[in-house]
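Peer 1: okay, here's the prediction I keep looking at, along with the sequence it came from:
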Amino acid sequence: MRQSELFTKTIKEAPKDEKSINAQLLFRAGFVHKEMAGVYTFLPLGNRVLKNIENIIREEMNKIGGQEILMPVLQPKYLWEKTDRWSKGVGKVMYKTKDDSGKEFGLGPTHEEILTNIASKYIKSYSDLPAYIYQIQTKFRKEPRARSGLLRGREFGMKDLYSFHSSEEDFKNYYEIVKKAYFKIFKRCELSVIITEASGAGFTKEYTHEFQVLAKDGEDSIIYCPRFHFAQNKEIAKFKNDSLCPACKKTIQEGRSIEVGNIFPLGTKYSKDLNAYFIDKDGKRKLIIMGCYGIGSSRIMGAIVEVHHDDKGIIWPEEIAPFKVHLIPVEDNQKVIKTTENLYQDLQKQKIEVLYDDRKKRGAGEKFVESDLIGIPFRLVISQKTLSQKKIEVKKRKEKKIELLRVSSLYKFLKS
RNA sequence: CGGGGUAUAGUGUAACGGCAGCACGAGUCCUUUGGGAGGAUUUAGUCUCGGUUCGAAUCCGAGUACCCCGACCA
């Protein structure tokens, strides 16, 4: 798209009430607008990033048999009473409201109640199992302290997958499949995750698993082996830092981290409360065994910025970036503009997403500074200087190196 | 929910209890064009309520919002 038409502008200085790196950079570059603590609007650039993250998650979920649905935010009280969570557990952080007749509703902080109830209507036989159902949706939680920009919001994007099984073995098998899918998702987001054991938080006596990204401003603390033989959330850590990993004898470390995903067994807690049974091969009526798997999509956006930035701005991973190419002419002379316009059309024909800085009366320096702030992976600069050699300048955001290429070899370079 | 801090224009930042100023942004004009360039001109602000005072952005009280630490965190 043409930058002259972009709804947002960049801002030189961060507002004084944003302290976290992700909030500062995302605000300055025009990706988000804060409405209140923990609640953000995703502006055109931010929305593109969020959709890219969601699409990666969607692709990987579909690959492991996930079927996407969309459940309501507004949820009836009676379902939450069936699981005794209306005012306990997660119910304590649920935003609640009433209509004019006094009927009570909650804004969904999670969707076990809604989905298990639906599942109980459709799953009747072992032949209906397993089932893998997910959604990507906005969640609401009354966080006592929203903080750190997108890292802990009151309203945030989340993918939640729920699996339904006829046996514990089948559940465990799928749990490992989801684990692998999660690693793929985070790899595509260029997040190095450490899978970490955490407490069952009342849902299960077993451990659950969190996917943690080391980041100095993260709000979790984990204890981990530097070779990743194990890692545990500090809440439950049996080891201390400075002790040795039993597997490799390396010194165990402690670090701050951001939890970007978690997976855990639900057992039969919800199927029992919501009457979700099936008839097994042996003719017996049994409770459905469930698993739950979350990824915070908007939190990933924040986490990526926390991890991928420099003193000039954001450095987006290619699959996440709002555009692949930032096309920048540096002089207002006719030949430069004409070449740039042609290239802009051509890139679009090649289905390469491009932000074209067609704004007039802007110095080159200003364009470069803004480009670095926004963080698009490839910067193409068109100028008289290089056109005279029939070349254009290409620079990767994450590298210092500048290359001069002929247009003919440009596409190969972009696809490499 | 406990503790600490902050609140002045879209953003950043000044002003002893005495005329609310500067920079950036935005508008107009000119110059400039390889790292947020320069000049002229215009634009827009003291969180809310109450108190003290001849006079409050400034002092006092309450409220609200935001930030940080902690508690909490399907």
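Peer 2: The structure has been received and is ready for your questions.

Peer 1: tell me which element the closest residue to RNA strand B within chain A falls in.
Peer 2: Of all residues in chain A, the one sitting closest to RNA strand B is residue A:365 (1.9 Å; C-beta to the nearest atom of the strand). (Each C-beta comes from the backbone N, C-alpha and C, glycine too.) For residue A:365, the host element (DSSP states H and E) is helix A:364-374.

Peer 1: and the following helix or strand past that helix, does that touch RNA strand B?
Peer 2: Using DSSP H and E, the helix or strand that follows helix A:364-374 towards the C-terminus is strand A:378-382. Yes: Strand A:378-382 lies within reach of RNA strand B by C-beta under 7 Å from any atom of the strand, at residue A:381.

Peer 1: elements contacting strand A:378-382?
Peer 2: When contacts are defined as 3 or more C-beta pairs under 8 Å, 6 or more residues apart in numbering; DSSP states H and E, strand A:378-382 packs onto strand A:325-329, helix A:334-349, strand A:392-396.

Peer 1: any buried residues in the strand or helix carrying residue A:49, and which?
Peer 2: Here residue A:49 sits within helix A:44-63, counting by DSSP H and E. Within helix A:44-63, the residues scored as buried using 16 or more other C-beta atoms under 10 Å are A:45-46, A:48-50, A:52-54, A:56-58, A:60-61.

Peer 1: now the residues you listed as JSON lines including pLDDT and distance to residue A:312?
Peer 2: JSON lines is the format used below for the buried residues of helix A:44-63 (pLDDT from 0 to 100; distance: C-beta to C-beta, whole Å):
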{"residue": "A:45", "pLDDT": "97", "distance to residue A:312": "17"}
{"residue": "A:46", "pLDDT": "97", "distance to residue A:312": "19"}
{"residue": "A:48", "pLDDT": "97", "distance to residue A:312": "21"}
{"residue": "A:49", "pLDDT": "97", "distance to residue A:312": "18"}
{"residue": "A:50", "pLDDT": "97", "distance to residue A:312": "23"}
{"residue": "A:52", "pLDDT": "98", "distance to residue A:312": "22"}
{"residue": "A:53", "pLDDT": "98", "distance to residue A:312": "23"}
{"residue": "A:54", "pLDDT": "98", "distance to residue A:312": "27"}
{"residue": "A:56", "pLDDT": "98", "distance to residue A:312": "26"}
{"residue": "A:57", "pLDDT": "98", "distance to residue A:312": "29"}
{"residue": "A:58", "pLDDT": "98", "distance to residue A:312": "32"}
{"residue": "A:60", "pLDDT": "98", "distance to residue A:312": "31"}
{"residue": "A:61", "pLDDT": "98", "distance to residue A:312": "35"}
